[in-house]
Structure formats: structure tokens, C-alpha cells
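J.: Here's my sequence, what's the structure:
(one chain, ligands or ions: 1)
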Amino acid sequence: MQKTVNTSMTTVEIPVSGLEKGMYVSGLDIPWLKSPFMYQGFEIESKDQIAELQEVCNYVLVDVRKSTNKNTERGMETYAVPVEEELEAANGIRDTTKAMVKRLFHEIELGKELDGHAVQETVLDTVDSVLRNPNALMLLSQIKNKDEYTAEHSMNVSILTAAFARHLKMPRKHIDELAFCGLLHDVGKIRVPDTVLNKETKFTKTELAVMRKHTSHGRQILLASNGILMPALDVAFSHHERLDGQGYPRGLPKEHIPQYAKVVALADAYDAMTSTRCYEAARSPFEALTIIFDNRGTQFDTKLAELFIEFVGVYPAGSIVEMSNGEVGIVLSAHPTQKLKPRIIVVRDPQKQACTERVIDLRWDDSDFAGNKCGIKQTHPDGSFGVHLHEYMNKGLRIDMPGSSEAVA
Ligand SMILES: [Fe+2]
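T.: Here you go, the predicted model:
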């Protein structure tokens with residue numbers, strides 16, 4: 001059956017099991033004419049009305065502005081569109097951006113100038129998507145392809161930086177600038193020989209010095225290019241500076257490190273740690289955030305690090321999570337104010353075998369298939385228990401909502 005409800009900024013989709021008196025019902029998942037209700041829109045005044053709704057619907061739309069029950073407001077989705085709706089656009093943006101980054105980097109290798117105007121245009125699409133719902137691009141940024149690390153890392157840092165800036169409620173202009181800076185922060189790696197860039201064992205002193213030169217190379221490449229936003233020079237040059245003055249290339253004291261470089265440094269470290277690199281396996285989001293927390297005040301700006309951890313949350317979109325009953329799922333989205341209770345799609349049964357996929361929203365439903373209470377036990381890196389995020393995205397992530405047969409491509 002086709003899902004019939006649509007959400008907007010002022011309405012929230014609530015399963016009938018979560019209905020309470022004082023909620024204003026503005027939509028049903030069946031046509032009004034097929035329901036026993038005379039009015040298209042009413043405030044729930046009795047338990048009988050809740051029972052009637054539970055009889056005929058799986059989900060209803062509740063209008064937050066018209067509800068007198070304040071629990072409604074707490075559950076309100078604050079994104080302009082649901083993550084499932086944004087995924088298709090986000091997929092296209094990701095493909096376009098990756099192709100552009102690879103083309104631009106190749107052109108620099110050939111000695112051409114970098115086309116900053118093309119970067120600015122592409123970045124606008126990324127920021128548009130992040131502003132509609134950051135979970136979509138962030139979920140896709142969890143899909144990592146080791147062979148395309150530099151291009152994907154650049155893109156992911158741009159997305160994470162833009163989403164973090166949105167979380168910090170920065171003006172649009174600053175979000176655009178930061179997304180631009182994030183995309184080009186490591187452009188200097190083009191000048192680092194592959195033998196160093198792809199080395200699987202520890203660097204020698206000389207190799208480390210060669211690798212660290214990517215910050216100076218980046219600044220030089222951007223200085224010689226067209227259409228470059230000035231803060232990108234600072235970020236390319238200073239994103240490895242540390243708060244304790246032990247960073248490179250200049251060992252700047254904390255008050256001299258540009259603010260944008262401090263922001264990009266967090267996104268850079270988080271994406272790098274959650275990716276499989278030639279010399280290190282991917283860490284789970286939780287492990288990466290723990291490391292950021294432990295290094296706040298020495299490597300990272302303390303306040304920004306704490307805000308970044310709050311922004312990513314313990315269970316970011318795309319996380320592989322193991323439930324207390326042994327089931328395994330993928331996080332689809334986390335509500336901004338209830339990050340410990342995300343929506344997940346369950347893909348493995350308690351014995352870690354493939355199972356019928358189902359979506360549960362832990363805000364409303366914390367029971368497993370047997371009716372027992374369950375919650376998230378821990379996060380795992382992509383690929384754990386044979387769950388590879390890219391496979392689910394490639395085959396069209398199935399979202400089995402009650403009353404719906406949507407597939408998310
Ligand atoms: Fe770097």
C-alpha cells in the first residue's frame with residue numbers, strides 16, 4: 001500500500017501507539033473518507049478516539065502548532081524533509097562532487113590551474129542538501145571506498161564541515177565557505193608521491209617531512225588558482241596545527257590558528273579515523289569521538305570538540321549498531337534532540353543472520369520482534385557482521401514502514 005502521509009516543518013509523523021490526549025491529528029495514513037472521523041483535523045480528547053485511530057491507522061500526522069500536548073513538540077522533526085526523501089538528491093550530489101574532485105585533482109597533476117568557480121558551484125548543492133536534511137549526505141559519507149580515499153575524504157570533510165556549521169547555526173555564507181574549505185583542505189596531497197601517500201607501514205623521518213609538506217603545497221596550489229575563497233588558503237595551510245602549539249607546518253599557538261582551520265581539523269580527524277586507510281583499519285564513530293574527546297584542549301579546540309561530539313552524536317546516520325538482544329541494524333537518522341534514540345533499519349537477527357528488514361524508531365518503539373525491551377548496545381565499524389553500508393545503498397535500502405512499501409534508492 002502506498003504511504004499517504006506527508007510531513008512538513010510543523011507536523012510530525014507519530015505511530016498510533018504513541019498517541020496522547022491533546023495531540024492535534026491533521027493527517028492519516030488512510031483517506032479520511034475511509035476513516036470513522038467526520039472532521040479532517042481534530043484534537044484528541046479521549047482514550048476512545050486513540051483506540052479508534054489505533055484500529056484503522058498505523059501512523060498519523062500530528063500538527064505541533066495546534067496541539068496542546070507538549071510531548072508533540074519534543075518529538076517534532078526539525079528537518080525540512082525526511083532523510084528518505086533527501087537520499088536521492090544526496091546520491092546525485094555525491095556522484096557529481098566526486099567526479100569533479102577527481103577531475104580537478106587530475107588537472108592539477110597535469111600542471112593546470114584549479115577551477116575554484118566549479119568548486120564553489122558544486123559546494124552550493126552540497127550545502128542545499130545539508131540544510132534540507134544533513135543525515136542524507138552524512139549517511140552516504142559513511143560509505144567508504146579505500147581506493148578513492150583522497151577524493152572521498154575531501155568530499156566527506158566538506159559535508160561534515162557544512163553539517164557541523166549548520167549545527168552551530170552559522171549564517172549560510174559561512175557554511176558555504178566552510179564547505180569550500182573542507183573540500184580543498186588536502187589538495188596539497190596531489191604533490192606528495194604515491195609511495196609516501198599509500199605507504200602501509202610507519203613513515204621514516206624523511207617520509208613524514210614529505211607528507212607534512214602537503215599543507216604548504218596546498219597553499220601554493222590555491223594561491224595559483226582562480227576563484228578560490230581566501231579562507232581556503234588558511235585552512236589548507238593550517239588544518240594540522242594543534243592547540244598545544246605542537247602542530248605543523250608552523251607550530252602556531254592556539255590564538256593564531258584560524259577558526260575555520262580548527263573547525264575543519266575536527267571533520268578531517270573524524271572522517272580519517274572512521275575510514276580504512278592504507279595503514280590503519282576504520283574505527284567506529286564512537287571510538288573516533290572518544291579520541292577527539294581525549295584530545296580536546298591539546299590537539300583540538302575544547303569548545304569546538306565538545307560541540308562536534310554533540311553534533312555527530314553517539315549514533316550518526318550510517319552507523320552499524322548492535323542491539324541489546326543481539327540484532328544488528330543501520331542507523332537511518334537521529335533526531336536532533338533525542339540522539340540516543342535514532343531510527344534504524346534492522347538487517348541481522350540475534351544470531352547475526354540476514355533477516356526480514358524492518359525499520360524501528362527508538363523514540364517510539366523500543367521493543368524487539370518478541371516484544372521484549374531493547375536498545376542499542378554498541379556501534380561497530382562498517383563491514384561488521386557482514387553488513388556493508390554500500391551494498392544496502394546500491395540495492396536500494398528497503399524501508400518497510402507500516403502502511404508503506406517504499407524503497408530508498
Ligand atoms: Fe591534511
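J.: just checking, Thr215 is part of a helix?
T.: Yes: when DSSP: H, G, I helix; E, B strand; the rest coil is applied, Thr215 is found to be in a helix.
J.: can you tell me which residues contact it?
T.: Thr215 makes contacts with 188, 236-240, 248-249, as judged by Cβ atoms under 8 Å, 6 or more residues apart in numbering. Quick note: C-beta positions are derived from backbone N, CA and C, even for glycine.
J.: go with 6 Å
T.: 237, 240, 249 (Cβ atoms under 6 Å, 6 or more residues apart in numbering).
J.: got it, and Asn69?
T.: Going by Cβ under 6 Å, 6+ apart, the list of residues near Asn69 reads 20, 22-23.
J.: Check His390 too.
T.: Ile143.
J.: and it, what element?
T.: helix 389-394 (DSSP states H and E).
J.: ok so, going back, any chance of the contacts of Asn69 in JSON lines with pLDDT, distance to Thr97 and neighbour count as columns?
T.: Shown next, in JSON lines, are the contacts of Asn69 (pLDDT from 0 to 100; distance: Cβ to Cβ, whole Å; neighbours: other Cβ atoms under 10 Å):
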{"residue": "Glu20", "pLDDT": "80", "distance to Thr97": "43", "neighbour count": "15"}
{"residue": "Gly22", "pLDDT": "84", "distance to Thr97": "45", "neighbour count": "15"}
{"residue": "Met23", "pLDDT": "85", "distance to Thr97": "41", "neighbour count": "27"}
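J.: State the next helix or strand along the chain beyond the longest helix along the chain.
T.: The helix that spans the most residues within the chain, counting by DSSP state H, is helix 83-109. Downstream of helix 83-109, the next assigned helix or strand under DSSP H and E is helix 116-132.
J.: Now that following helix: buried residues?
T.: 116, 119-120, 122-123, 125-127, 129-130, 132 (16 or more other Cβ atoms under 10 Å).
J.: now these in JSON lines, with pLDDT?
T.: JSON lines is the format used below for the buried residues of helix 116-132 (pLDDT from 0 to 100):
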{"residue": "Gly116", "pLDDT": "93"}
{"residue": "Val119", "pLDDT": "93"}
{"residue": "Gln120", "pLDDT": "95"}
{"residue": "Thr122", "pLDDT": "93"}
{"residue": "Val123", "pLDDT": "95"}
{"residue": "Asp125", "pLDDT": "95"}
{"residue": "Thr126", "pLDDT": "95"}
{"residue": "Val127", "pLDDT": "96"}
{"residue": "Ser129", "pLDDT": "95"}
{"residue": "Val130", "pLDDT": "94"}
{"residue": "Arg132", "pLDDT": "90"}
